[in-house]
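S.K.: what's the 3D shape of this:
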Amino acid sequence: NGGRNIALAHGKSQLNARWILPFDGNCFLTPNAFAEIRARLNLFGDQYKYFIVPMARLLNNSQLLEELDVRPTTPEEPQIIFRYDSAKVYNEQMRYGRRSKLEMLWRLGFPPSSSHKTPGAPWEPTDSYPNKAEEIQYQSAGWVFRLFSGQVSQEKKESGPIRAFNRLLAIQNFIDGLDERMARKVKGFDPFRLSLYDEKLLNKARLDFWIGVPKVVEVVKMLIKHADNILSELINSYESEPNVHVDANIHNLDNSELVNMTRNPIPDLSGLMKDSFKTSPVPSPVTITTISPDIFFENVTTLALAHYFSGDEQYSRWAANLIRTFILSSYAVGEQNNVEAPSHIIKSDAIGEQNNIEHIVKSHAVGEQNNVEAPSHINNSEIISNEGYSFPYLNKIPRLIPKFLNVGASFSKNLTNTDPSFFLDACRLLYRARVLTHKEYMNLQNFASDWLESLISSAQNLKIGRQSNHHGTLYDLQVISLSGFLDDIRLYLRVANRVRMRIGKQFNIPINISMPKISQNHEIMYVQNLVDIGKIKPLDFDENVFRYTTLNLQYWLHLVRIVQNGRCGSDIWQYTTKDGQRISEAIIEHFKYYNNRMHDSAIIALTHMAKSAFKANSETGQDICQTQDEHIYAQYFNNNNIIDYINLINLDNKTNKEELNVIIGIGDEARRRGLPPFWMFGIAS
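M.R.: Below is the predicted model:
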């Protein structure tokens, strides 16, 4: 309607124009139709300012050339002609596809059909439905054809709903396109930027570690210790294979929760190798038991962060190897120090790979090319040409670590309850460190794409996404994390906008004054259902309400931080519903209600993440409810009763090891509470 009004204004601005025809696109006038229009305008043009032109839709445009130029049957919504001095304009509050032209026709006295008596949605503008006694202000004139759109289904009788739906798709596509341009060109959205972890906060934590800030050093020590545990178990597993020796200067620490591998005999590869290569045989595949995605994601993230803080490449290399093993189904890259082997190409039947993979075994290792002498039969210029600017290609390795059998069963396909946000950030860090090749990173994106496709296409997952408890919140967290990783900015922005609609449904303002001012009734109902089906005891009801309400808020804060770090998308933190619900206030009410549990590790994490979210929102210049939030949050974040989480970490307190693990976000209990690994480095400050 806005476009029609611009056309009207333009027509009226032409000095010699008496009639303006702001017809819809794709309209076509035959000579006889136009002659009829002119005749009617000449006959009634002094008495009427408005003329309607009946319309017919075509399924075959060649009808206009092959058939007689006569008046057709015209059942479609007519077009309107305006005289230069007409006063009426189209109602711009009537959106495209919402009886926008009909509203004008009704004001002119055009009779509606019975189908138009159905009321619109509550939020739509009210139709100017015609009064039977209203004066008819128009005359009819000629006819007009609407050319074939190319879609038969849209042109058939009773196809109005299809056209209406396609109009909505067109509107959505137009708005999405504008949002995408703003996000990319103005806001600077970057899919390679960390999503859950804040780049600036993570970098600041590393600088604090380098300069020796005691609290940060203490936590990094725990990070390195946990990474060494993971590394030790991994290397011990590979060391159990014959002909595979892995050099790693790490502590021999115990970690039984990773994987348990068994050996298989080495196949005879003599037919594939020349004599000169037999001294460095390729180890056989080994079998591996299923690993929980949550444990896997935690381990990869821990190793990636350990490399980020320490600079020790063994952490990043083994994090990449875990990804290759469990997700990419490819050979892992082994230790490359002090290895000499001639150059040969070995073709291996890799499980799960349709094509043979060429593994070029060279002696010039990553970072140590100067200390290795190339075999005499290899031309130096050939090496330089192969490598290109001295950047070694990671698939060119001196030795292959064994591939796993039963790859399909080694990584659980059930990712319904798994938060991918921190793992995807770990993948970004590993790609930056060049321990994952570009091809491997693209294959990781394929893995993420399959996961995302399952989330948005599977009827079961869509049903989960419609739930009004923490499962629905996690669903949106999964979709926004994966879409950001895949650079699907349109889906990313749509979720950021849509997720706010959950706030009014999930957070209620109860009548019962004993409840928090903003309560989570759907979490309470979820826990009650667990009691009813016997999954938890009635005595544990209150504890589980605390657990799931806190978990839901944890997921909400992840969503808030992702949108804030992405630098684009609708504001979630201070979005206020019609009834006054707001995430920022819901969290404070949660703190008030559980004031006696402020030293709980989940509350500690929630507190500091909320503080960082509040600070980040303040820096963006958001002023909605800002003054009120500043006052409320100042009372809690400056309260001496809230102990700094770092002060709770005491490495000498061996009896409190499990609680320490929860605080820093590792282990079963931390995963159960939705805490990302080492959340204090980047997610909170």
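
S.K.: what's the neighbour count on N32?
M.R.: 14 (other CB atoms under 10 Å). For the C-beta atoms, the positions are set from N, CA and C on the backbone; glycine is no exception.

S.K.: go on, F591?
M.R.: 23.

S.K.: Go ahead and confirm it touches T607.
M.R.: Yes. Shown here, F591 and T607 form a contact pair, counting by CB atoms under 8 Å, at 7.0 Å.

S.K.: Report the spatially nearest residue to Y526, omitting neighbours in sequence.
M.R.: In space, and not counting its chain neighbours, Y526 is closest to N469: 4.8 Å by CB to CB, 6 or more residues apart in numbering.

S.K.: any idea how far K517 is from that neighbour?
M.R.: 19 Å (CB to CB, to the nearest Å).

S.K.: My guess is the residue nearest to Y526 contacts I524. True?
M.R.: No. If you go by CB under 8 Å, N469 and I524 don't touch, sitting 9.4 Å apart.

S.K.: More neighbours: which of those two?
M.R.: Ranked by neighbour count (other CB under 10 Å), N469 and I524 place N469 first, with 22 against 18.

S.K.: State the helix or strand in which Q79 lies.
M.R.: strand 76-83 (DSSP states H and E).

S.K.: mind listing what's buried in that strand?
M.R.: E77, P78, Q79, I80, I81, F82, R83 (16 or more other CB atoms under 10 Å).

S.K.: Surely D69 is in a strand?
M.R.: No. If the criterion is DSSP: H, G, I helix; E, B strand; the rest coil, then D69 is coil and not within a strand.

S.K.: Number of residues surrounding Q314?
M.R.: Other residues close to Q314 by other CB under 10 Å number 21.

S.K.: Model confidence score at the residue nearest to Y526, please.
M.R.: With respect to pLDDT, N469 has a value of 95.

S.K.: How about D644?
M.R.: Looking at D644, the pLDDT reads 50.

S.K.: Redo the buried residues of strand 76-83 as JSON lines? Include pLDDT and distance to F110.
M.R.: Converted to JSON lines, these look like this (pLDDT from 0 to 100; distance: CB to CB, whole Å):
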{"residue": "E77", "pLDDT": "89", "distance to F110": "9"}
{"residue": "P78", "pLDDT": "94", "distance to F110": "8"}
{"residue": "Q79", "pLDDT": "95", "distance to F110": "12"}
{"residue": "I80", "pLDDT": "96", "distance to F110": "9"}
{"residue": "I81", "pLDDT": "96", "distance to F110": "13"}
{"residue": "F82", "pLDDT": "97", "distance to F110": "14"}
{"residue": "R83", "pLDDT": "96", "distance to F110": "17"}
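
S.K.: How much space separates the residue nearest to F28 when sequence neighbours are not counted from Y90?
M.R.: The shortest distance from F28 to any non-neighbouring residue, by CB to CB, 6+ apart, is to F145 (4.5 Å). Distance from F145 to Y90, counting by CB to CB: 22 Å.

S.K.: what's the answer for R146, then?
M.R.: Counting by CB to CB, the gap from R146 to Y90 is 19 Å.

S.K.: do the same with E658
M.R.: From E658 over to Y90 (counting by CB to CB), the distance is 68 Å.

S.K.: And the two? Which one has more around it.
M.R.: Counted by other CB under 10 Å, E658 and Y90 do not tie: Y90 has more neighbours, with 20 against 13.

S.K.: quick one, what contacts that one?
M.R.: N1, G2, R4, N5, L8, S100, K101, E103, M104 (CB atoms under 8 Å, 6 or more residues apart in numbering).

S.K.: what sits against the last one?
M.R.: Shown here is M104, whose contacts under the criterion CB under 8 Å, 6+ apart are I80, K88, Y90, N91.

S.K.: What distance do you get for the first one to L551?
M.R.: In other words, I80. In terms of CB to CB, I80 sits 57 Å off from L551.

S.K.: Give me the residue at the spatial middle of the protein.
M.R.: I480 (2.1 Å; CA atoms, centre = their mean).

S.K.: Check what pLDDT it gets.
M.R.: pLDDT recorded at I480 is 97.

S.K.: what's the answer for Y48, then?
M.R.: Y48 carries a pLDDT value of 95.

S.K.: State the number of residues packed around it.
M.R.: Neighbours of Y48 (other CB under 10 Å): 19.

S.K.: Wait, it touches S140, no?
M.R.: No. Look at Y48 against S140 with CB under 8 Å: they stay out of range, at 10.1 Å.

S.K.: does A670 belong to a helix or a strand, and which?
M.R.: helix 668-672.

S.K.: just the CA coordinates of that helix, formatted as CSV?
M.R.: Provided in CSV are the C-alpha atoms of helix 668-672 (Å, rounded to 0.1, in the frame of the first residue of the first chain):
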residue,chain,number,x,y,z
ASP,A,668,29.3,-35.0,35.4
GLU,A,669,27.7,-32.7,37.8
ALA,A,670,28.8,-29.6,35.9
ARG,A,671,27.5,-31.0,32.7
ARG,A,672,24.2,-31.8,34.4
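
S.K.: any residues touching it, and which ones?
M.R.: Residues outside helix 668-672 that contact it (CB under 8 Å, 6+ apart) are D294, I295, E298, R547, S601, E658, N661, V662, I664, P677.

S.K.: Turn the buried ones among these into a named ChimeraX selection, would you?
M.R.: Remark: buried members of the contacts of helix 668-672, expressed as a ChimeraX selection using 16+ other CB under 10 Å:
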select :294,295,298,547,601,661,662,664,677
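
S.K.: Quick one: residues contacting the closest residue to I52 other than its chain neighbours.
M.R.: Once flanking residues are discounted, I52 sits nearest to P78: 4.3 Å by CB to CB, 6+ apart. Counting by CB under 8 Å, 6+ apart, P78 touches I52, V53, P54, M55, L105, F110, S140.

S.K.: Let me have those in CSV, adding neighbour count as columns.
M.R.: Putting those into CSV (neighbours: other CB atoms under 10 Å) gives the following:
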residue, neighbour count
I52, 19
V53, 22
P54, 19
M55, 19
L105, 21
F110, 21
S140, 16
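
S.K.: related to what we said a few turns ago, nearest to K221 among the buried residues of strand 76-83?
M.R.: E77 (73.2 Å; CB to CB).

S.K.: Now that the closest one has come up, it's in contact with R99, right?
M.R.: No. When contacts are counted by CB under 8 Å, E77 is not listed as touching R99 (9.4 Å).

S.K.: before we move on, back to that, dump the host helix or strand of the residue nearest to the centre of the chain to CSV, keeping only the CA atoms.
M.R.: In this structure, I480 sits in helix 470-485 according to DSSP H and E. Extracted as CSV, the C-alpha positions of helix 470-485 are listed here (Å, rounded to 0.1, in the frame of the first residue of the first chain):
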residue,chain,number,x,y,z
HIS,A,470,14.4,-25.8,29.6
HIS,A,471,14.1,-28.3,26.7
GLY,A,472,12.7,-25.6,24.5
THR,A,473,15.3,-23.1,25.6
LEU,A,474,18.1,-25.6,24.9
TYR,A,475,16.6,-26.2,21.4
ASP,A,476,16.9,-22.5,20.5
LEU,A,477,20.4,-22.5,22.0
GLN,A,478,21.4,-25.4,19.7
VAL,A,479,19.9,-23.8,16.6
ILE,A,480,21.4,-20.4,17.1
SER,A,481,24.9,-21.9,17.9
LEU,A,482,24.9,-24.1,14.9
SER,A,483,23.5,-21.5,12.5
GLY,A,484,26.1,-19.0,13.6
PHE,A,485,28.9,-21.6,13.1
